[in-house]
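>>> From the sequence below, what's the structure:
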Amino acid sequence: MSTNSLNPYAVISADLQAPVIPPEPWKAISWRWEKLRLFYNLAVGVAGIPGLIVAGVGGMHPAFILIDTVAYGIAANVCYLFGPITEM
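Predicted coordinates:
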């Protein structure tokens, strides 16, 4: 046993370094995220229902409610897109 094996501050030699793990292919990353998109959209939809109720009770015009709902869904999916992008 060498003295370096007892020293926690010793420099690790090249033969003891962890092997380099190749990055995961981008197709596998994007497929894994796309499988979860349905659950994400369901959660976003459930979270948006109280807002639709408040807008409807508040007397907001139905066309504006529809436009806001579509914009909310598009914005949520654009934000979801940043997940696989940051993982890649």
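>>> CA atoms for contacts and neighbours, from now on please.
Fine.
>>> any idea which helix is longest in this protein?
Assignment by DSSP state H gives helix 26-57 as the longest helix of the chain.
>>> elements contacting that helix?
With contacts defined as 3 or more CA pairs under 8 Å, 6 or more residues apart in numbering; DSSP states H and E, the secondary structure elements packing on helix 26-57 are helix 62-87.
>>> any weak-confidence spans in this structure?
Where the chain drops to pLDDT under 70, the residues are 1-5, 12-18.
>>> buried residues in the longest helix of the chain?
Judged by neighbour count using 16 or more other CA atoms under 10 Å, the buried positions of helix 26-57 are 30, 33, 40, 52.
>>> Roughly how far does the first one sit from residue 51?
When you say that, I think you mean residue 30. The gap separating residue 30 from residue 51 is 31 Å, by CA to CA, to the nearest Å.
>>> how close does residue 32 sit to residue 43?
Residue 32 sits at a distance of 18 Å from residue 43 (criterion: CA to CA).
>>> Then residue 61?
Going from residue 61 to residue 43 by CA to CA gives 25 Å.
>>> still on that earlier bit, okay, among the buried residues of helix 26-57, which ones form the most distant pair?
The largest separation in those, counting by CA to CA, is between 30 and 52 at 31.2 Å.
>>> can you put the buried residues of helix 26-57 in a markdown table and add distance to residue 19?
Output for those, formatted as a markdown table (distance: CA to CA, whole Å):
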| residue | distance to residue 19 |
| --- | --- |
| 30 | 25 |
| 33 | 27 |
| 40 | 35 |
| 52 | 53 |
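>>> now, among these, which is nearest to residue 78?
Nearest to residue 78 among these, counting by CA to CA, is residue 40 at 12.0 Å.
>>> Pull up the gap between the closest one and residue 47, please.
Distance from residue 40 to residue 47, by CA to CA: 11 Å.
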